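In: Mind looking at a prediction? Sequence and model below.
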Amino acid sequence: MGAWGAGPLVVGVDSSTQSTKVLVVDAATGEVAARGQAPHTVSTGPGRESDPEEWWEALTRALAACGDPARQASAVSVAGQQHGLVTLDAAGRPVRPALLWNDVRPAPQSRRLIEELDGPEAWAERAGSLPGPSFTVAKWAWLRDREPAAARATAAVRLPHDYLTERLTGEAVTDRGDASGTGWWSSATESYDAEVLGHVGLRTEMLPRVARPGEAAGTVRPEGLPLPHGALVAAGTGDNMAAALGLGLRPGRPVISLGTSGTVYAVTTRRPADPTGTVAGFADARGDWLPLACTLNCTLAVDRMAALLGRDREAVEPGGSVAVLPFLDGERTPNLPDAAGLLHGLRHDTTGGQVLQAAYDGAAFALLRALDLVAGPETAADEPLLLIGGGARGRAWRDTVRRLSGRAVIVPREGELVALGAAAQAAGLLLGEDPAAVARRWGTDGGERYEAVERDAAAWERLTRTLTAAGPLFGV
């Protein structure tokens, strides 16, 4: 029994784009015993890169900030940002900074891979997804084209969560959830795709073993960490898969996550395969599937618009005829990697608050367009949306999603659902239980409910017309 509550303590880690967050959780009750956080550096300019060593240093600092509870933990799991390309040399050191999920420079390689390996339908059937610019396979192809010396020096390829798990355990292990976002893992066979690997010059032995759901990656090996030596380490997973675990998600419950990126997803028992590329056919961390649509431009883009306008992020105003498509970093949904932000419909009487509200509308619109494709027939048309991520705490975001969707939204009490899901995975491993069932026992999906309002069809139609008309400006 742990000294902090009814059960043993477990650690859940969220290694995200900009920081590492750690929760120490009572495995029996879900009570959070300690929290820690440390920042990362992300490059600016045309690409988005980070030094993997910074992730490890941030994990160590975040664990240390948790104090004694972390040092008494019996199990740990790492969830990480998906898709990132980590290249290691023969000694296990990073060859270069990691290419992050929101680096869209590999757009040409993405298009080429789809063409060279039999087109969209074949990719959807084999991988469950089209290999967009975010996908790891496109990033590896970019590296081979643009930095061939770095590619030749690469002895091993990892995802961000794999890298941290391997630093903890000394074992090269990933899971089906995060592997399903690489482009070289086949959702049809649930194994690495030898044809894709051969096409891009990779070998299976350069990749981590894919652990089965519920299987351990190993135990904590390094001495001196703010964790017990020998504590169990779960396989970990991608951040979206961990958030689904953290909510104890069942089929039929759609989720919208409002963070640096925006995502909409739902658990399903049906293997997804969308040849349009709108929906990524990810696996979840348990054995089901997690169809997901992702936008690159969410809270960060809206906050940038607020800064340009000199307004507080909540200082929105209703009305007006302006439409904003805040594609400041290109876009993934819709697939417009070369797009820039667009503002249309200004009038003399347009206010700054109306422009800011239109930026919220444009970001939410991109996610909600994909909702029906993601949720599918298992989800009722009036099912409330679970709203998570930093944006879910903001009134303007909540009101915008309700107004454009016509649905109620529920904001879970615990904001750090990725770290909580990783903790549930660690608890499931330790206790021999389904991690989603552990999270449901913890009551993680409970929170504030905001009732549905009448859907704003006029704003929806205005955004639809603007997106259609802007095709030539976006290179379509």
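Out: Structure received.
In: isn't residue 435 right up against residue 245?
Out: Yes - assessed by C-beta atoms under 8 Å, residue 435 is found in contact with residue 245 at 5.1 Å. For glycine as for every other residue, the C-beta is placed from the backbone atoms N, C-alpha and C.
In: Who has more neighbours out of these two?
Out: residue 245 (33 against 28; other C-beta atoms under 10 Å).
In: Describe which strands whichever strand or helix holds residue 11 pairs with in its sheet and in which direction.
Out: Using DSSP states H and E, residue 11 sits in strand 9-15. Here strand 9-15 is paired, per DSSP bridges, with strand 19-26 (antiparallel), strand 75-80 (parallel).
In: Pick the most buried one from these.
Out: strand 75-80 (a mean of 33; mean count of other C-beta atoms under 10 Å).
In: Keeping just the C-alphas, turn it into CSV.
Out: Taking Å, rounded to 0.1, in the frame of the first residue of the first chain, the C-alpha atoms of strand 75-80 are listed here in CSV:
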residue,chain,number,x,y,z
ALA,A,75,5.0,1.8,-12.2
VAL,A,76,5.4,4.5,-14.9
SER,A,77,4.2,5.1,-18.4
VAL,A,78,5.3,7.7,-21.0
ALA,A,79,2.8,9.2,-23.5
GLY,A,80,4.4,11.4,-26.1
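In: Let's have the strands paired with strand 9-15 in JSON lines, adding distance to residue 88 and mean pLDDT.
Out: Output for the strands paired with strand 9-15, formatted as JSON lines (distance: least, C-beta to C-beta, whole Å; pLDDT from 0 to 100):
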{"stretch": "strand 19-26", "distance to residue 88": "19", "mean pLDDT": "97"}
{"stretch": "strand 75-80", "distance to residue 88": "15", "mean pLDDT": "98"}
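In: Just send those back as CSV, with distance to residue 464 too.
Out: Output for those, formatted as CSV (distance: least, C-beta to C-beta, whole Å):
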stretch, distance to residue 464
strand 19-26, 36
strand 75-80, 35
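In: Which among the ones you listed is found nearest to residue 55?
Out: Smallest distance to residue 55 across these (C-beta to C-beta): 6.5 Å, for strand 19-26.
In: Can you point out the buried residues in stretch 297-313?
Out: By neighbour count with 16 or more other C-beta atoms under 10 Å, stretch 297-313 contains the buried residues 297-306, 311, 313.
In: Where do the helices of the stretch 201-350 of the chain begin and end?
Out: Under the criterion DSSP state H, counting those that start in this stretch, helices of the stretch 201-350 of the chain are mapped to 239-246, 299-309.
In: Output the lowest mean pLDDT helix or strand found in this structure.
Out: helix 371-375 (a mean of 85; mean pLDDT, DSSP states H and E).
In: And the contacts of it?
Out: 252, 254, 256, 264-266, 274, 278-279, 291-293, 383, 405 (C-beta atoms under 8 Å, 6 or more residues apart in numbering).
In: can you pull the buried residues of it?
Out: Buried, per 16+ other C-beta under 10 Å, within helix 371-375: 371, 373-375.
In: Same list (those residues) but as a markdown table, adding distance to residue 190.
Out: Formatted as a markdown table, the buried residues of helix 371-375 follow (distance: C-beta to C-beta, whole Å):
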| residue | distance to residue 190 |
| --- | --- |
| 371 | 27 |
| 373 | 23 |
| 374 | 21 |
| 375 | 24 |
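In: Spatially nearest residue to residue 280 (excluding sequence neighbours)?
Out: residue 129 (4.3 Å; C-beta to C-beta, 6 or more residues apart in numbering).
In: pLDDT on the host helix or strand of residue 123, on average?
Out: Assessed by DSSP H and E, residue 123 sits inside helix 119-127. Regarding helix 119-127, the rounded mean pLDDT is 96.
In: So which bits of it are buried?
Out: 123-127.
In: Serialize those residues to CSV and add fields for distance to residue 226.
Out: CSV is the format used below for the buried residues of helix 119-127 (distance: C-beta to C-beta, whole Å):
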residue, distance to residue 226
123, 43
124, 44
125, 45
126, 42
127, 38
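In: just checking, what's the longest helix in the protein?
Out: helix 352-368 (DSSP state H).
In: Let me know the pLDDT of the spatially closest residue to residue 110 that is not a sequence neighbour.
Out: Once flanking residues are discounted, residue 110 sits nearest to residue 138: 4.2 Å by C-beta to C-beta, 6+ apart. Residue 138 carries a pLDDT score of 98 in this model.
In: I'd say residue 138 and residue 183 touch.
Out: Yes - taking C-beta under 8 Å as the definition, residue 138 is a contact partner of residue 183 at 6.8 Å.
In: Find residues that contact each of these two.
Out: Common neighbours of residue 138 and residue 183 (C-beta under 8 Å, 6+ apart) are 113, 131.
In: any idea how far residue 145 lies from residue 239?
Out: 28 Å (C-beta to C-beta, to the nearest Å).
In: For those two, work out which one has more neighbours and name it.
Out: The neighbour comparison of residue 145 against residue 239 (other C-beta under 10 Å) goes to residue 239, with 29 against 13.
In: For the nearest residue to that one once chain neighbours are set aside, give me its contacts.
Out: Sequence neighbours aside, residue 418 is the residue nearest to residue 239 in space, at 4.8 Å (criterion: C-beta to C-beta, 6+ apart). Contact partners of residue 418, counting by C-beta under 8 Å, 6+ apart, are 12, 14, 16, 21, 79, 239, 242-243, 246.
In: ok but residue 418 is inside a helix, no?
Out: Yes - the assignment for residue 418 by DSSP: H, G, I helix; E, B strand; the rest coil puts it in a helix.
In: Let me know the pLDDT of it.
Out: On the pLDDT scale, residue 418 gets 94.
In: Please report the distance of it from residue 318.
Out: Per C-beta to C-beta, residue 418 is found 33 Å from residue 318.
In: need the strands for the stretch 151-300 of the chain, in chain order.
Out: 156-158, 173-175, 185-186, 191-192, 209-211, 216-219, 232-234, 237-238, 255-258, 262-265, 280-283, 289-295 (DSSP state E, counting those that start in this stretch).
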